[in-house]
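[1] one predicted model, sequence on top.
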Amino acid sequence: MRWTRHITKSCLAEAVNLSISPAWERVRKLEESGLIKGYRAEVD
């Protein structure tokens, strides 16, 4: 079983050493460009 989930905005920002707004804006742009295609859970 493998679970993939969104992390909190603050955890993401801390991990990439940015403030919350710029970090989340980058995620949004990656989603729009197709580099992030989705989020899912896989159960076997």
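    Yes, it's here.

[2] quick one: the helices in the chain?
    For the chain, the helices defined by DSSP state H cover 9-15, 20-33.

[3] of all those, which lies closest to residue 39?
    When the helices of the chain are compared by C-beta to C-beta, helix 20-33 sits nearest residue 39, at 9.5 Å. Bear in mind the C-beta positions are built from the backbone N, C-alpha and C, glycine included.

[4] just for this protein, where's the confidence low?
    In the predicted model, the chain carries pLDDT under 70 at residues 1-6.

[5] rerun that using 80 as the cut-off
    Residues of the chain meeting the criterion pLDDT under 80: 1-7, 39-42, 44.

[6] follow-up on the earlier one: just put the helices of the chain in TSV and tack on distance to residue 42.
    Formatted as TSV, these follow (distance: least, C-beta to C-beta, whole Å):
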stretch	distance to residue 42
helix 9-15	22
helix 20-33	20
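
[7] now those as JSON lines including mean neighbour count?
    Rendered in JSON lines, the data for the helices of the chain read as follows (neighbours: other C-beta atoms under 10 Å):
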{"stretch": "helix 9-15", "mean neighbour count": "14"}
{"stretch": "helix 20-33", "mean neighbour count": "12"}
